[in-house]
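Visitor: Structure for the following, please:
(one chain, ligands or ions: 2)
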Amino acid sequence: MKINLEKAKELLLAGKVVALPTETVYGLGGWIYSEEGIKNIFAVKERPFFDPLIVHIDSTESAKKLTSEWTEAHEALAKTCWPGPLTLIAKKHDSINPLITSGLDSVGLRCPNHPLTLRLLSQIKGGVAAPSANKFGKTSPTTSLHVEEEFGGKVAVLEGGASEVGIESTVVGVSKSPQGFEVEIYRPGFYTAQMLEKILKENNIKAIVSYAQSPVAPGQLKHHYMPKIPLLIVPEDFEWSLHQKEVEGKLQTKFTSPILWDLPLDPRIASRELYEKMRTFDKQGHDLILVIKRQSQNTEEWLGIWNRLEKAKTLNLMP
Ligand code: TXA
Ligand code: MG
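Guide: Ligands and ions are numbered 1, 2, ... in the order given. Modelled structure (predicted):
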């Protein structure tokens, strides 16, 4: 069901969920000051309560009101990257319902770069909590059609066109250290460590930026983003005829129409198309997705894409 901005506002304030467009993926929004709204997100998405939600706000000013500590590093990153695909974790304000943060004392905040959603957020006190608008563990939606298919038309959607970035925001934790700041990337995305380092340096902030080694962020489970048909990551020289028996044996299924998927060479285009493709191969009659991983796709800009595909894959065929 498609709705307009006025209706979206009315539903959110009444404790209902609404799917909202963002530049990364569509989110399943609930008003942060409605416990019913927050509970509805988990219920509709079938999401476990241990996985914290990101709160969406219209500006840095609004973000600050939801935190009890906002450092110079938060300020510099927000100033440069917002509105945009970066989620900043900060100490939470007491007013934030622990259901949103899974009981953690921190909250994830993001100002999305989408004109319609920004306008909506500016009209709602506090902010809107929103995970990606898909059933838990499944492929994320980048169009309103994906959302409607996912929930059988039961979720109200604010139409905002196809998401430009295509994969979820980079999630970043910020902590103080004797040398300055430690900035840890919990989930890779559009903003890379190199980009964040540059921004902090330009703002005269001493910081070490790194990728978190273990899944410190709750909800960063091994399996996620999974399409309806099995997905494998294969090396450049992969030949189906040589590996068919092995794959069919391991997956205990016969495959008649595998698709060998060569991602676009530009990582920006690859991420924009990623989920759309993962959702459409089965509709085209394929029964197995074989994603080719090229040597040239091992750079930092590709990390976000491989992070999603690694979790979406059924098993590993990489050497
Ligand atoms: O691009 C995005 O971030 C999209 C759009 C809708 O904004 N949202 C999104 O939300 O991807 P979700 O729920 O699918 O992913 C949120 C993840 C959690 O699984 C968790 O890993 C991390 O963000 N997160 C949220 N709050 C956190 C916190 N306080 N501490 C650590 N990690 C947190
Ligand atoms: Mg998600």
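Visitor: And the nearest residue to Gly166 once chain neighbours are set aside, how far from Met1?
Guide: Excluding its sequence neighbours, the residue lying closest to Gly166 (CB to CB, 6 or more residues apart in numbering) is Arg272, at 3.9 Å. From N, CA and C alone the C-beta is placed, and that goes for glycine too. From Arg272 over to Met1 the distance is 26 Å, taken as CB to CB, to the nearest Å.
Visitor: Between the two, which is the more surrounded one?
Guide: Arg272 (18 against 11; other CB atoms under 10 Å).
Visitor: hmm, who's touching stretch 270-278?
Guide: 25, 139-143, 146, 162-167, 190, 225, 227, 231, 261, 263-264, 289, 302, 304-305, 308-309, 312 (CB atoms under 8 Å, 6 or more residues apart in numbering).
Visitor: filter these to the buried ones?
Guide: Among the contacts of stretch 270-278, those buried by neighbour count (16 or more other CB atoms under 10 Å) are 25, 139-143, 146, 163-167, 190, 225, 227, 231, 261, 263, 289, 302, 304-305, 308-309, 312.
Visitor: when you check those against the helices, which ones overlap?
Guide: Among the buried ones among the contacts of stretch 270-278, DSSP state H puts His146, Gly304, Ile305, Arg308, Leu309, Ala312 in helices.
Visitor: what residues are up against the spatially closest residue to Gln123 that is not a sequence neighbour?
Guide: Distances taken as CB to CB, 6+ apart put Lys9 closest to Gln123, at 5.6 Å, once the chain neighbours are dropped. Residues counted as contacts of Lys9 (CB under 8 Å, 6+ apart) are Leu120, Gln123, Ile124.
Visitor: buried residues in stretch 277-290?
Guide: Lys277, Met278, Arg279, Phe281, Asp282, His286, Asp287, Leu288, Ile289, Leu290.
Visitor: Thought Leu260 was touching the last one, still the case?
Guide: Yes: look at Leu290 against Leu260 with CB atoms under 8 Å: they come within range, at 5.0 Å.
Visitor: Quick check: neighbours shared by the two?
Guide: With CB under 8 Å, 6+ apart as the test, Leu290 and Leu260 both reach Val234, Phe238, Trp240.
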